[in-house]
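Undergrad: Make a model of this:
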Amino acid sequence: MLPERPAVCLIEAHEETAEPHLIRTANLRRRLQRLLGPIDPTSKRLNLREFARLVRYRVTNSAFEQSLTYYQIAKQRFPKRYRDLMRLRPSPVLKINLKNAYPGVTSRGISP
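TA: Residues are numbered from 1 along each chain as shown. Below you'll find the predicted structure:
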């Protein structure tokens with residue numbers, strides 16, 4: 001029985017050339033029931049029932065642990081595109097002008 005807990009899950013394919021499917025979820029049991037359950041021909045939802053060969057998961061206790069686990073698995077399994085999977089964005093830069101009588105802050109985003 002799968003836990004109803006937050007987790008990071010890797011669903012491996014039957015075909016060796018196919019990439020595994022990596023997900024984060026707040027409720028592992030519900031998410032896998034939806035992804036691996038019976039196919040509904042009227043639904044457009046993703047169903048991996050025919051795709052899946054093996055399911056590996058790790059239960060997480062916090063959002064930070066979930067992000068860190070997802071990062072570690074993504075970097076290991078997808079070394080060329082893990083940054084895209086993580087959706088890493090650069091931090092904004094704040095510039096404080098202290099020369100004026102009323103100091104102001106300006107922000108400037110950095111493009112990747």
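Undergrad: Which strands and helices lie in contact with the lengthiest helix in the chain?
TA: Identified as the longest helix of the chain according to DSSP state H is helix 63-77. Contact here means 3 or more C-beta pairs under 8 Å, 6 or more residues apart in numbering; DSSP states H and E; on that basis helix 63-77 packs against strand 7-13, strand 21-25, helix 82-86. For glycine as for every other residue, the C-beta is placed from the backbone atoms N, C-alpha and C.
Undergrad: Please report the distance of the residue of the chain most remote from its centre from L94.
TA: The centre of the chain is farthest from one residue, A101, which by C-alpha atoms, centre = their mean lies 45.9 Å away. Remark: distance between A101 and L94 (C-beta to C-beta, to the nearest Å) = 20 Å.
Undergrad: which SS state does the residue farthest from the centre of the chain fall under?
TA: At A101 the chain is in coil, as set by DSSP: H, G, I helix; E, B strand; the rest coil.
Undergrad: now K95
TA: For K95, the assignment made with three-state DSSP gives strand.
Undergrad: Isn't it up against T106?
TA: Yes: if you go by C-beta atoms under 8 Å, K95 and T106 touch, sitting 4.9 Å apart.
Undergrad: related to what we said a few turns ago, okay, buried residues for the longest helix of the chain please.
TA: Neighbour-count burial for helix 63-77, counted by 16 or more other C-beta atoms under 10 Å, picks out Q66, T69, Y70, Y71, I73, A74.
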